[in-house]
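Novice: This is a predicted model, with the sequence first.
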Amino acid sequence: MQDSTSAKFLKLEEKSRRKNFFLRSFLYFILILFSLYFIFPLIVMILTSLKTMEEIRQGTLLTLPKTITLDYWKIAWGGRGYGAGDTFLRPYFWNSLKMVVPAVIFSTFLGAMTGYILTKWRFKGDSFVFLFLLFGCFIPYQAILLPMARTLGLLGISNSIFGLIFVHSIYGIPFTTLFFRNYYISIPNELIKAARIDGAGFFKIFFKILIPISSPIIVVTVIWQFTQIWNDFLFGATFSFGEHAPIQVALNNMVLSSTAVKEYNVDMAAAIIAGIPTLIVYVLAGKYFIRGLTSGAVKG
Amino acid sequence: MVALSIKDLSKNFGNTEVLKKINLEIEEGSFLVLLGPSGCGKSTLLNIIAGLETIDEGKVLIDDFNVTKVEPKDRNIAMVFQSYALYPSMTVRENIIFGLKQSKTPKDKIEIQLKKVSNFLKVDELLHRKPSQLSGGQRQRVAMGRALVREPRIFLFDEPLSNLDAKLRVEMRYEIKKLYTNLKTTMVYVTHDQIEAMSLASKIAVMNKGVIQQLDNPQKIYDKPNSLFVADFIGTPSMNFINGTLHKESQNVIFVPENENINFDISKYDFHDNFHEGQEVILGLRPEYLSSIKNSENVSINLMMRPSIIETTGFDKNVTFNFANTEIIGRFSPNSGVSLDSDIDVCFDLSNVSIFDKKTELRI
């Protein structure tokens, strides 16, 4: 009697183990398939950038290079060395860096400040101010090109890196404010009251009490803003040209302006170079990104 | 000496009147508790005393100085909050001395103060921890330390115990009482917990809908509530309310409960208002005056009644009866043989009743 029941259970156990194994294999199969699908373009880019034009023409997309050469990376980065008409990324990379660092700092700081005011120093009509700021997130970039161009002209900073810093800082405020407001709203107001009784003023409360507990949301904002500004093409193409252009514009010029043969290897190397900084930022701060997006409440 | 006085204070949030013409005066060294249900304006009043809220009308005086327009930090007050409001990024030590640093206190004085306070509150061991590494009770202590270190004229407490579990709450309540007994500093304490209020206060202000209903010492509030609201709010189980009418009968005043064939002789009741024959009133009787104990010295009346519900608390039994179209609760001793199956002899002790007008709901 007992033996027969235990045998029955063993059978059931065996059955469910087989079923689990099958489902698990299926799951991994799907996951690997998708991973391959997503990594495929990157592999093609890297392979192509390492091959000579001859190899590219003769082989398929996935043919491995016979000898690995970094020449095309060098060309993409530093050019061929002949004068006019030689486009390469190095100067524009620095342009972008000079633009992105101040723009990220300004927009993050302004967003933090606005979020702090909108949540901790409430005033009449503050919810309308926030609502209007939110509109900024939904206005398409194209809609503001003309007025912005005019404004930059009036300020005398069109076609300069400074102008782009200005545009990106302003355009970043709606997003950064949204991030910081939603973070600060979860921080108890009593913290601010306590600090006021302790004699801290507007700025002291901000810098001594709120900023030290804002690191998760600062990371989120910095990653977001860095990616947005670094990858921006439209503002760069509209408000700057020639030597003041950011890297995305230069990349475009490089890829589209070749008069003779299309050099896929150089183009691929250039595209990867233009994408590396955002990857670095994400890899360094990525784990905080998810944490910052999901956590809000600071338990004090 | 009057430590704090509030004159004709009104406060609106938009169109809602939160506080209506509040007048309040407390002596130096007294412990005032602002007690009321949520939304009665008690926390707003405390924030106004602290200077964290602006006011629409009236003024606030601390030690006879008009501080209505003075910044919180210059009012010589300290406040303990419900969520403790410890600065999360700072250690306990930094939390406690933050205020002193802001007011540019000399370093050696800061150290002396810190030592004194951390010894007193037994937080010396915790000085280098962050608030997130503390338990609820420890956070509460640190929050009190931050207030103590400023040596304020008035301590303000905003429901400081409501985030703690029941056992810790009783412990911290005791600590606060001890603190007060040692310091004898003026304190203003906001709570919705009437037991907290009764056990801590030297004076209670019962608030409702932006008005102070009654300001008295705890015993007076308990024994002689001046309105139905106060009577109902204070005490667990709450006061029994019996509808009925008042009549004069030769020398005596009698109360006739509705739908009952019985008279309560309440001639000894201290009326401070006139009443007319047959006036509709509500008689309030605390549960402890409704029991099996017969007290021959007091005016009392005995009735045989059948219990409908019996609740055991350990130190007594709360027994519910149906009487005069309502339910009334009496407190019986735990070893009294009360059961749902038989009538018991219930004694109404009428020596300490409250009588309210039915329309105005005020004591008469």
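Specialist: Cool, the structure landed. Numbering: from 1, shown residues only, chains lettered A, B, ... in the order given.

Novice: can we go C-alpha only for contacts and neighbour counts from here?
Specialist: Will do.

Novice: secondary structure class for residue B:301?
Specialist: Of the three states, residue B:301 takes strand according to DSSP: H, G, I helix; E, B strand; the rest coil.

Novice: and it, what does it touch?
Specialist: When contacts are counted by Cα atoms under 8 Å, 6 or more residues apart in numbering or on different chains, residue B:301 touches B:264, B:347, B:348, B:349, B:350.

Novice: Show me the strands in the stretch 251-364 of chain B, by range?
Specialist: For the stretch 251-364 of chain B, strands defined by DSSP state E, counting those that start in this stretch occupy the ranges B:252-257, B:264-265, B:280-285, B:290-291, B:300-305, B:307-312, B:317-323, B:326-332, B:344-349, B:354-357.

Novice: and the two most separated of the contacts of residue B:301?
Specialist: Maximum pairwise distance in the contacts of residue B:301, criterion Cα to Cα, is 11.9 Å, between B:264 and B:347.

Novice: Please say which of the two ends up with more neighbours.
Specialist: For the pair residue B:264 and residue B:347, the greater number of neighbours falls to residue B:347 (20 against 16), based on other Cα atoms under 10 Å in any protein chain shown.

Novice: Please tell me how far that one sits from residue B:292.
Specialist: Separation of residue B:347 from residue B:292 (Cα to Cα, to the nearest Å) stands at 6 Å.

Novice: Find the closest residue to chain B in the stretch 51-200 of chain A.
Specialist: Using Cα to the nearest Cα, the closest approach of the stretch 51-200 of chain A to chain B is made by residue A:198 at 4.1 Å.

Novice: what are the phi and psi angles of whichever residue of chain B sits closest to chain A?
Specialist: Nearest to chain A in chain B, going by Cα to the nearest Cα, is residue B:99, at a distance of 4.1 Å. Residue B:99 adopts backbone torsions of phi -60, psi -40, taken as degrees, to the nearest 10.

Novice: same thing with the one 10 residues further on?
Specialist: Main-chain dihedrals, residue B:109, degrees, to the nearest 10: phi -70, psi -40.

Novice: Just give me the neighbour total for it.
Specialist: When neighbours are counted by other Cα under 10 Å, residue B:109 registers 11.

Novice: Also residue B:50?
Specialist: 28.

Novice: Over to residue B:150?
Specialist: 22.

Novice: Please apply the same query to residue A:158.
Specialist: Neighbours around residue A:158, by other Cα under 10 Å: 20.

Novice: For it, which non-adjacent residue is closest in space?
Specialist: Nearest residue to residue A:158 in three dimensions, chain neighbours excluded: residue A:152, at 5.0 Å (Cα to Cα, 6 or more residues apart in numbering or on different chains).

Novice: hang on, that neighbour is in a strand, isn't it?
Specialist: No. Assigned with three-state DSSP, residue A:152 falls outside any strand and is helix.

Novice: neighbours around it, how many?
Specialist: 20.

Novice: how close does it get to residue B:268?
Specialist: Counting by Cα to Cα, the gap from residue A:152 to residue B:268 is 89 Å.

Novice: can you check residue B:154 too?
Specialist: 42 Å.

Novice: what's the answer for residue B:126, then?
Specialist: Counting by Cα to Cα, the gap from residue B:126 to residue B:268 is 59 Å.

Novice: Which one's more surrounded, those two?
Specialist: Each of residue B:126 and residue B:268 has its neighbours counted (other Cα under 10 Å); residue B:126 has more, 17 against 13.

Novice: and that one, what are its phi and psi?
Specialist: Dihedral angles of residue B:126 (phi, psi; degrees, to the nearest 10) stand at phi -100, psi 0.

Novice: List the contacts of the closest residue to it other than its chain neighbours.
Specialist: Closest residue to residue B:126 apart from its sequence neighbours, by Cα to Cα, 6+ apart: residue B:92 at 6.7 Å. Residues in contact with residue B:92 (Cα under 8 Å, 6+ apart) are B:126, B:127, B:128, B:129, B:130, B:131, B:142.

Novice: Residue A:216 against residue A:289, yeah?
Specialist: Yes. Residue A:216 lies in contact with residue A:289 (Cα atoms under 8 Å); the separation is 7.2 Å.

Novice: List the contacts of residue A:122.
Specialist: If you count contacts by Cα under 8 Å, 6+ apart, then residue A:122 has nothing around it.

Novice: Tell me the spacing between it and residue A:129.
Specialist: Applying Cα to Cα, the value for residue A:122 to residue A:129 is 11 Å.

Novice: any shared contact partners between these two?
Specialist: Residues touching both residue A:122 and residue A:129 (Cα under 8 Å, 6+ apart): there are none.

Novice: What pLDDT does the model give residue 227?
Specialist: Unless you meant another one, I'm taking chain A. We have a pLDDT of 93 for residue A:227.

Novice: please go with chain B instead
Specialist: 93.

Novice: is it true that it touches residue B:361?
Specialist: Yes. Residue B:227 is in contact with residue B:361 according to Cα under 8 Å; the separation is 5.8 Å.

Novice: more crowded one of those two?
Specialist: Neighbours were counted for residue B:227 and for residue B:361 using other Cα under 10 Å; residue B:227 has more, 20 against 15.

Novice: Skipping its backbone neighbours, what lies nearest that one in space?
Specialist: residue B:362 (4.3 Å).

Novice: residues in the stretch 51-200 of chain A within reach of chain B, list them.
Specialist: Those residues of the stretch 51-200 of chain A that sit near chain B, judged by Cα under 8 Å from any Cα of the partner chain, are A:188, A:190, A:191, A:193, A:194, A:195, A:196, A:197, A:198, A:199, A:200.

Novice: The last one falls within a strand, correct?
Specialist: If I follow you right, that is residue A:200. No. Counting by three-state DSSP, residue A:200 is not found in a strand; it is coil.

Novice: What are the boundaries of the helices in the stretch 1-150 of chain A?
Specialist: For the stretch 1-150 of chain A, applying DSSP state H, counting those that start in this stretch gives helices covering A:2-50, A:53-58, A:71-78, A:90-120, A:126-138, A:145-155.

Novice: quick one: contacts of the shortest one?
Specialist: Here helix A:53-58 makes contact (Cα under 8 Å, 6+ apart) with A:48, A:65, A:263, A:264, A:265.

Novice: Looking at these, which is nearest residue A:59?
Specialist: Out of the contacts of helix A:53-58, the member with the shortest distance to residue A:59 (by Cα to Cα) is residue A:65, at 9.1 Å.

Novice: Please look at the closest one and residue A:44 and confirm they touch.
Specialist: No. Between residue A:65 and residue A:44 there is no contact under Cα under 8 Å: 11.3 Å.

Novice: Show me what the top helix by length along chain B is packed against.
Specialist: For chain B, the longest helix by residue count, based on DSSP state H, is helix B:166-183. Packing partners of helix B:166-183 (3 or more Cα pairs under 8 Å, 6 or more residues apart in numbering or on different chains; DSSP states H and E): helix B:194-200.

Novice: which secondary structure elements does the helix it packs on contact?
Specialist: Judged by 3+ Cα pairs under 8 Å, 6+ apart, the packing partners of helix B:194-200 are strand B:31-35, helix B:166-183.

Novice: what's the angle from the longest one to strand B:31-35?
Specialist: Using axes from the mean of the first three to the mean of the last three Cα atoms, to 10 degrees, the direction of helix B:166-183 lies 140 degrees away from that of strand B:31-35.

Novice: Following helix B:166-183 in sequence, what is the next regular element?
Specialist: Later in the chain than helix B:166-183, the nearest helix or strand by DSSP states H and E is strand B:186-191.
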